[in-house]
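K.L.:
Attaching a predicted model along with its sequence, questions to come.
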Amino acid sequence: MRQLIIRSSEPNAMFSQLQSCLKGELKEAWGERVFTFDNELGKGTIRTLPFSWGISLLDFDITLTDETKIIFDTQELSPIEFIFISKGFLKYNDNPIVDYTNFEKFQNIIISPARNAQKTFLFPKNENLKVNFIQIIRDEYLKKENNNISYLNDLLVSLFNDTNGDVGYQHRGSFSLRIADEIKQLNNVHDSGILRTLSLEGRLYLILSLQLLEHHNFEEKMNIPEAISKEEITRIHKLTEYILEHISENISINILSSESGLSPKKLQVGFKILYSKTVNEYIRQLKLEISRDYLKNTDLSVSEIVYAIGIKSRSYFSKIFFEAYEILPTEYRKQLKNKNVST
């Protein structure tokens, strides 16, 4: 395991130390600082962009060759950080005597360690990680006229007003495709100059507002269709077992909704978050994978396989099999037999 020590919580200083540790090549334009690295430590890009009133963006798109611990060894007060992972996962700890916390893909996360806590991130080995940090330096933001902090819930109001860092805070909220979509748009801005800066700043504030809204809804226990909780994610995981056990049947989204107790819309959101597929796309892919296994490891005819995976039409099965694997089921089995004969 590698270990990188960062001795500042100030965004620009922290970025410079990360660049030094990872040996990256720095480019600067329109207020953005981006460094790219491709060496024995890994490869990827890290970007920072500061805005007014203590708000800044820090994002990573990196793959490291070894599990890497990044430790913030500083007495400075850490900014409040709004974190969102678009790909991969991350582990976090601010107390060496307790286990790491898992930060998951598409989960809304807010952290603010106490001043003397040792903030530590554990980056995975050989895993492409895409993660955004929106950082807010409290005492600078509080100087902003019409900062409207008082309109937040009591928990966040106390967090923003804790300029001494007396109390640590961590929020692991719901999973949100809406925030994921906005992050994707943020990373696809291709303008230059003032248009780029304004576009990035506008999208950053929109993402921040969505993360604050999710926190509010989470604390108020509000059921929002486009967000999904950890408990609902667990139910969807269990639902995949049900699908596998009933693969020979006609499985509709209404049946799955009844089985899980989740609305059809929640199911679609959950499957998109977990598997990047709609419910029907997931079921179809599973049926095709099982059919391929039958073709390879059994003597069942194609018609028997079609029946076993719950597809009514052999011609439809052949069509979707070809779309997925660019070969017809009968040709796939022939290819396997010829390969076995030649060996």
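P.N.:
Right, received. Where do you want to start?
K.L.:
Just the CA trace of the helix or strand where Gln3 lies, in PDB.
P.N.:
Element membership for Gln3 (DSSP states H and E) is strand 2-6. Output of strand 2-6 as PDB, limited to C-alpha atoms (Å, rounded to 0.1, in the frame of the first residue of the first chain):
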ATOM      1  CA  ARG A   2       1.200   3.500  -0.900                       C
ATOM      2  CA  GLN A   3       0.800   6.400   1.400                       C
ATOM      3  CA  LEU A   4       0.700  10.100   0.400                       C
ATOM      4  CA  ILE A   5       0.800  12.800   3.100                       C
ATOM      5  CA  ILE A   6      -0.900  16.100   2.300                       C
END
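K.L.:
after that strand comes which helix or strand?
P.N.:
Immediately after strand 2-6, counting by DSSP H and E, sits helix 11-22.
K.L.:
Mind listing residues that contact the least confident helix or strand in the chain by mean pLDDT?
P.N.:
None of the helices or strands of the chain scores lower by mean pLDDT, DSSP states H and E than strand 227-228, at a mean of 80. Residues from elsewhere that reach strand 227-228, judged by C-beta atoms under 8 Å, 6 or more residues apart in numbering: Ser174, Phe175, Ser176, Arg178, Glu214, Asn217, Lys266, Val269, Gly270, Ile273. Any C-beta I mention is one placed from the backbone N, CA and C, and that applies to glycine too.
K.L.:
any idea what sits nearest Leu210, other than its immediate chain neighbours?
P.N.:
Ile179 (5.1 Å; C-beta to C-beta, 6 or more residues apart in numbering).
K.L.:
Just to check, the one you found is in contact with Glu214?
P.N.:
Yes: with contact defined as C-beta atoms under 8 Å, Ile179 reaches Glu214; the gap is 7.1 Å.
K.L.:
Give me the common contacts of these two.
P.N.:
In contact with both Ile179 and Glu214: Asn108, using C-beta under 8 Å, 6+ apart.
K.L.:
show me what contacts Tyr169?
P.N.:
Taking C-beta under 8 Å, 6+ apart as the test, what Tyr169 contacts is Ile110, Ile111, Ser112, Leu155, Leu159.
K.L.:
7 Å instead?
P.N.:
The contact partners of Tyr169, by C-beta atoms under 7 Å, 6 or more residues apart in numbering, come to Ser112, Leu159.
K.L.:
sorry, back to before: state whether the residue nearest to Leu210 is indeed within a helix.
P.N.:
Yes: counting by DSSP: H, G, I helix; E, B strand; the rest coil, Ile179 falls inside a helix.
K.L.:
you'd agree it is up against Leu212?
P.N.:
No: the pair Ile179 / Leu212 is not scored as a contact, 10.9 Å apart, by C-beta atoms under 7 Å.
K.L.:
When these two are compared, which one has more neighbours?
P.N.:
Using other C-beta atoms under 10 Å as the criterion, Ile179 and Leu212 rank with Ile179 on top: 26 against 17.
K.L.:
which residues of the stretch 201-343 of the chain score low on pLDDT?
P.N.:
By pLDDT under 70, the weakly predicted segments of the stretch 201-343 of the chain are 224-226, 340-343.
K.L.:
Dead centre of the protein: give me the residue that sits there.
P.N.:
Lys105 (2.3 Å; C-alpha atoms, centre = their mean).
K.L.:
I'd like to know which elements the top helix by length along the chain is packed against.
P.N.:
Ordering each helix of the chain by length in residues (DSSP state H) puts helix 193-219 first. Under the contact criterion of 3 or more C-beta pairs under 7 Å, 6 or more residues apart in numbering; DSSP states H and E, helix 193-219 touches strand 107-112, strand 129-136, strand 169-176, helix 177-186.
K.L.:
Could you export the last one as CSV, CA atoms only?
P.N.:
If I follow you right, that is helix 177-186. The C-alpha atoms that make up helix 177-186 are tabulated as CSV, following Å, rounded to 0.1, in the frame of the first residue of the first chain:
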residue,chain,number,x,y,z
LEU,A,177,-29.3,9.6,-10.9
ARG,A,178,-30.2,13.3,-11.2
ILE,A,179,-27.0,14.4,-9.5
ALA,A,180,-25.1,11.8,-11.6
ASP,A,181,-26.5,13.3,-14.8
GLU,A,182,-25.5,16.8,-13.8
ILE,A,183,-22.0,15.7,-12.9
LYS,A,184,-21.8,14.2,-16.4
GLN,A,185,-22.8,17.5,-17.9
LEU,A,186,-20.2,19.3,-15.7
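K.L.:
For Ser9, give its distance to Asp181.
P.N.:
30 Å (C-beta to C-beta, to the nearest Å).
K.L.:
higher neighbour count, these two?
P.N.:
Ser9 (21 against 12).
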